[in-house]
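Q: coords below, sequence missing:
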């Protein structure tokens, strides 16, 4: 389960709407627990530097490292990542699955059409499992 504060959810949704027609992306910080429950405290937007940002997302490696440094300085852990699907479903695409690299972390996907927020955890066996999201 992913615990997501309503304010963080709203920020991510606003970013997704403002980013149309491109996918937006970022990192989720907070308290990561390997037992399947993590709590988000903050979100860190990142520039989407994918070669086709309408249908893909990629966080610049240097930007990602800077975000990780900010997380650590605030005493947070990497809970997961988020991105949007402006015109796609709220589940991982084949590309999302192929490029996932953080086992057991949450991958939040904001679908705008139709509107829905889904969260998935990538397992080392190359499988994504849908997880519940508790908005508080």
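A: Received, thanks. Source: prediction; values computed, not measured.

Q: hey, let's count contacts and neighbours off CA atoms from now on
A: Fine.

Q: Now do the helices in this structure.
A: With DSSP state H as the criterion, the chain has helices at 6-19, 61-73, 94-99.

Q: Nearest to residue 86, out of those helices?
A: Nearest to residue 86, of all those, is helix 6-19, at 7.3 Å by C-alpha to C-alpha.

Q: Return the residues in contact with the residue nearest the centre of the chain.
A: For the chain, the residue nearest the mean C-alpha position is residue 82 (1.5 Å; C-alpha atoms, centre = their mean). Residue 82 makes contact with 25, 26, 27, 28, 107, 108, 109, 110, according to C-alpha atoms under 8 Å, 6 or more residues apart in numbering.

Q: try 6 Å this time
A: By C-alpha atoms under 6 Å, 6 or more residues apart in numbering, the residues touching residue 82 are 25, 26, 107, 108, 109.

Q: Run through the protein and note the low-pLDDT ranges.
A: 124-126 (pLDDT under 70).

Q: As a quick check, tell me the outermost residue of it.
A: The chain, farthest from centre, C-alpha atoms, centre = their mean: residue 73 at 20.3 Å.

Q: unless I'm mixing things up, residue 90 is touching residue 111, no?
A: Yes. If you go by C-alpha atoms under 6 Å, residue 90 and residue 111 touch, sitting 4.8 Å apart.

Q: mind putting the helices of the chain in TSV, distance to residue 134 included?
A: Listed next are these as TSV, based on distance: least, C-alpha to C-alpha, whole Å:
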stretch	distance to residue 134
helix 6-19	9
helix 61-73	22
helix 94-99	23
